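Visitor: how would this look folded up:
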Amino acid sequence: MYGSTYRCEICGEESDNPQHWIVIHCCEARLIIYKWTEEAANAKGARHYCGERHAQVYIGRWLDAACC
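Guide: Take a look at the predicted model:
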């Protein structure tokens, strides 16, 4: 069990046990995708997603913004 509650950036679902969630760290030129670890989730600027589909939504938005 994790000590914090995490919120999906897309749907707003919250969980204090996000075992199958995905963490994304990004900047203007780079996107890094992690399987859930507490270390990755708690890093500065981490974005949290409740599953692959919602992570893909964010990745698509990031790519569109990066290509403008």
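
Visitor: let's see stretch 6-25 as CSV, backbone CA atoms only.
Guide: Extracted in CSV, the C-alpha atoms of stretch 6-25 (Å, rounded to 0.1, in the frame of the first residue of the first chain):
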residue,chain,number,x,y,z
TYR,A,6,-2.7,9.9,-6.6
ARG,A,7,-5.1,11.4,-9.2
CYS,A,8,-5.3,10.6,-12.9
GLU,A,9,-4.5,13.6,-15.0
ILE,A,10,-7.2,12.7,-17.6
CYS,A,11,-10.2,11.4,-15.7
GLY,A,12,-9.6,12.5,-12.1
GLU,A,13,-9.8,9.0,-10.7
GLU,A,14,-8.0,8.8,-7.3
SER,A,15,-6.2,5.9,-5.8
ASP,A,16,-4.0,5.2,-2.8
ASN,A,17,-3.0,1.8,-4.3
PRO,A,18,-2.2,2.6,-8.0
GLN,A,19,-0.4,-0.6,-8.9
HIS,A,20,-1.2,-0.6,-12.6
TRP,A,21,-0.9,3.1,-13.2
ILE,A,22,1.6,4.8,-15.4
VAL,A,23,3.9,7.8,-14.6
ILE,A,24,5.1,10.2,-17.2
HIS,A,25,7.9,12.8,-16.8
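
Visitor: so what's the residue nearest to residue 37 when sequence neighbours are not counted up against?
Guide: Nearest-residue entry for residue 37: residue 23, 7.3 Å, with adjacent residues in sequence omitted and distances by Cβ to Cβ, 6 or more residues apart in numbering. Using the backbone N, CA and C atoms, a C-beta is placed for each residue, glycine as well. Each residue near residue 23 by Cβ atoms under 8 Å, 6 or more residues apart in numbering is listed here: 33, 34, 35, 36, 37, 40, 41, 43, 46, 47, 48, 49.

Visitor: and the third one, how many neighbours?
Guide: Which is residue 35. Look at residue 35: counted by other Cβ atoms under 10 Å, it has 10 neighbours.

Visitor: so it touches residue 22, yeah?
Guide: Yes. Counting by Cβ atoms under 8 Å, residue 35 does reach residue 22; the two are 6.9 Å apart.
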